[in-house]
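*Asks:* Would you be able to build a 3D model of this:
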Amino acid sequence: MFSLPLNAHFTDVGPLVYGCMALGGDWGGGPVSEADVAHAHAAVEAALDIGIKLFDHADIYRRGKAEAVFGELIRRDAGLRGRIRLQSKCGIRFADDAAPGRYDLSAEHIEKSVDGTLQRLGVDRIDILLLHRPDPLMQPAEVARAFGRLKATGKVAHLGVSNMHAGQMAWLQSTLAEPLVANQLEISLAKLDALDAGTTFNDPQAAARPGAMAWAGTLEYAQRHGVQLQAWGSLAQGRFNDPAASAAARAVHEVAEAHRTTPNAVLLAWLLRHPAGIQPVIGSGNPERIHACADATRIALSREEWYRLYVAARGQSLP
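*Replies:* As a prediction, the model looks like this:
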């Protein structure tokens, strides 16, 4: 098994995270149904079966229903809360009568969002709060004060971010008394920007990959400062399920066959092989697909296999 250099705050939860966005039924709001509870229970049990202990939420998932249905699972199983850690995100607001869809990292919104999350989950504390998206109007000192109050009242143990690059993390960290513990980015064989930011730097390929350059230094900043990287979208929305779909999908399946495992496990193992110890976030609500990820921590891709998948997914030779 490959050795995973997890951040000290994450060594007790293991290398995989379960993302709860698929739980809670539709996005229409309203109460959760018994069918929603049954679906969530099956997915969570599958995640627990493969050793997952960290469950990732956001206040907006299913307009609060993802947290609400998970809270119902906690209510029905008194021992569940003690076996897991809870992470949630805030900062995205849906369009309403006041304004269009927007980001809001004001102290008022952060604290109100946390109170809503705690109520829906039926708990008195979340272990990690992530700021969901960068807010152009964010004032780091205001965020620091909000987190200070949440920490002092025991509502939040640790603070992290999501979808922030190195400069944004450094700017926010400059006002915080405690270190940011996590950054959740979209990283997968279908989303290579964070890696390409390094490999195409100072090469003409960079001009063809402008989205990648925004992430320059982000992986390195996280490793230097002990920020745990988490990868949402880690299964690439099923893009590699069909080996006939592309050369990259064929490579994934061939590597899976060589290791006698599933393509899903290979997609996650590819992320785990990175020296940052990236934690893949599994977002499927399908128990079968969750179970298909079980081997991810038990197989070790060689350097050659890792690059084979990377280059195949890029669709272009490295510079």
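*Asks:* Tell me, what's the model's pLDDT at the closest residue to residue 258 other than its chain neighbours?
*Replies:* The shortest distance from residue 258 to any residue other than its chain neighbours is 7.8 Å, reached at residue 305 (Cβ to Cβ, 6 or more residues apart in numbering). Bear in mind the C-beta positions are built from the backbone N, C-alpha and C, glycine included. pLDDT for residue 305: 98.
*Asks:* To which secondary structure element type does residue 305 belong?
*Replies:* Under the three-state scheme (DSSP: H, G, I helix; E, B strand; the rest coil), residue 305 adopts helix.
*Asks:* where's the closest residue in space to residue 22 that isn't next to it in sequence relative to residue 236, distance?
*Replies:* Distance criterion Cβ to Cβ, 6+ apart; nearest residue to residue 22, sequence neighbours excluded, is residue 285 at 3.2 Å. Counting by Cβ to Cβ, to the nearest Å, the separation of residue 285 from residue 236 is 16 Å.
*Asks:* swap in residue 243?
*Replies:* Applying Cβ to Cβ, the value for residue 243 to residue 236 is 14 Å.
*Asks:* Compare the two (neighbour count), which wins?
*Replies:* residue 236 (20 against 17; other Cβ atoms under 10 Å).
*Asks:* ok, the more buried one - contacts?
*Replies:* Residue 236 is in contact with 188, 189, 190, 191, 267, counting by Cβ atoms under 8 Å, 6 or more residues apart in numbering.
*Asks:* ok, the residue nearest to residue 50 when sequence neighbours are not counted - how many residues close by?
*Replies:* Spatial nearest neighbour of residue 50, chain neighbours left out: residue 294 (4.3 Å); criterion: Cβ to Cβ, 6+ apart. Using other Cβ under 10 Å, the number of residues around residue 294 comes to 19.
*Asks:* Which helix or strand contains the residue nearest to residue 225 when sequence neighbours are not counted?
*Replies:* Here the nearest residue to residue 225 in space, its sequence neighbours aside, is residue 179; by Cβ to Cβ, 6+ apart that works out to 6.8 Å. Here residue 179 is covered by no helix or strand, with elements defined by DSSP states H and E.
*Asks:* so residue 179 touches residue 222, yeah?
*Replies:* No. Residue 179 lies out of contact with residue 222 (Cβ atoms under 8 Å); the separation is 11.1 Å.
*Asks:* Comparing the two, which shows the higher neighbour count?
*Replies:* The neighbour comparison of residue 179 against residue 222 (other Cβ under 10 Å) goes to residue 222, with 23 against 15.
*Asks:* For the host helix or strand of that one, name the packing helices and strands.
*Replies:* Element membership of residue 222, judged by DSSP H and E, is helix 218-225. Helices and strands touching helix 218-225, by 3 or more Cβ pairs under 8 Å, 6 or more residues apart in numbering; DSSP states H and E, are helix 166-173, strand 182-186, helix 193-199, strand 228-232.
*Asks:* which outside residues touch the first one?
*Replies:* In this case it means helix 166-173. Around helix 166-173, the neighbours that count as contacts under Cβ under 8 Å, 6+ apart are 131, 134, 138, 140, 143, 161, 164, 179-180, 183, 215-218, 220-222, 225, 227.
*Asks:* Check stretch 117-129 too.
*Replies:* Counting by Cβ under 8 Å, 6+ apart, stretch 117-129 makes contact with 9, 57, 59, 64, 67-68, 70-72, 74-75, 81, 85-90, 110, 114, 147, 150, 154-160, 181-182, all of which sit outside it.
*Asks:* So which of these sit within helices?
*Replies:* 67, 68, 70, 71, 72, 74, 75, 81, 110, 114, 147, 150 (DSSP state H).
*Asks:* would you turn those residues into TSV with pLDDT and neighbour count?
*Replies:* Formatted as TSV, the ones in helices among the contacts of stretch 117-129 follow (pLDDT from 0 to 100; neighbours: other Cβ atoms under 10 Å):
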residue	pLDDT	neighbour count
67	98	30
68	98	24
70	98	29
71	98	20
72	98	21
74	98	18
75	98	12
81	97	18
110	98	24
114	98	23
147	98	25
150	98	21
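*Asks:* Between those, which sits nearest residue 211?
*Replies:* Nearest to residue 211, judged by Cβ to Cβ, of the ones in helices among the contacts of stretch 117-129 is residue 110 at 28.1 Å.
*Asks:* pretty sure that closest one is in contact with residue 145, am I right?
*Replies:* No. The criterion here is Cβ under 8 Å, and residue 110 misses it with residue 145 at 9.8 Å.
*Asks:* average pLDDT for stretch 168-182?
*Replies:* Taken as a whole, stretch 168-182 has an average pLDDT of 97.
*Asks:* What's the end-to-end length of it?
*Replies:* Taking Cα to Cα, to the nearest Å, stretch 168-182 runs 13 Å from one end to the other.
*Asks:* Need the max-distance pair from the contacts of residue 236.
*Replies:* Pairwise over these, using Cβ to Cβ, the maximum falls at 191 and 267, 11.5 Å.
*Asks:* Cheers, nothing more for now.
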